[in-house]
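>>> Whatever this is, show me its structure:
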Amino acid sequence: MKKIARTFATIAFILSVLYLIYLYITVDQSASATQPNLSDQLTAHIVSVGLAFLMNGVGLVFTSRNFVLAGAFFYVVAILQLPGNLFFVAVQALLSVAAFIVGKPERDQFI
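Modelled structure (predicted):
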């Protein structure tokens, strides 16, 4: 991957860490005796952001733009699951897509 693509992916990775911390704090504070369970929609959103975080991290470690694209896909899925948090996740999705587009392919593959 090119240096600018790696920078974009790193920024998206850091933002997803901060967003997961924000979600943890928000869910922890809102949990009470009257509402012990998370909604299914919020749980699926947290899982999607976690998978995107994981894919972005793997893409950074192995310098693979395909994993970064998979992370961008999971960010878009997270946006569709909880549209109220669009502005938190949209920046990460755009940075991941930009990292995929700007990044240089490792080799030509014809599958």
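
>>> Grab the nearest non-local neighbour of residue 77.
residue 48 (4.8 Å; CB to CB, 6 or more residues apart in numbering). Quick note: C-beta positions are derived from backbone N, CA and C, even for glycine.

>>> For that neighbour, which residues are in contact?
74, 75, 77, 78, 81 (CB atoms under 8 Å, 6 or more residues apart in numbering).

>>> can you rerun that using 7 Å?
74, 77, 78, 81 (CB atoms under 7 Å, 6 or more residues apart in numbering).

>>> Secondary structure element for it, which one?
Per DSSP states H and E, residue 48 falls inside helix 40-61.

>>> hmm, who's touching the helix or strand just after that helix?
As assigned by DSSP H and E, the chain's next helix or strand after helix 40-61 is helix 65-81. For helix 65-81, the external contacting residues (CB under 7 Å, 6+ apart) are 1, 5, 9, 41, 44-45, 48-49, 51-52, 55-56, 58-59, 86, 89-90, 92-93, 96-97, 99-100, 103, 105.

>>> Helix 65-81 vs helix 40-61, what angle?
160 degrees (axes from the mean of the first three to the mean of the last three CA atoms, to 10 degrees).

>>> what comes up buried for helix 65-81?
Using 16 or more other CB atoms under 10 Å as the test for burial, helix 65-81 gives 65-79, 81.
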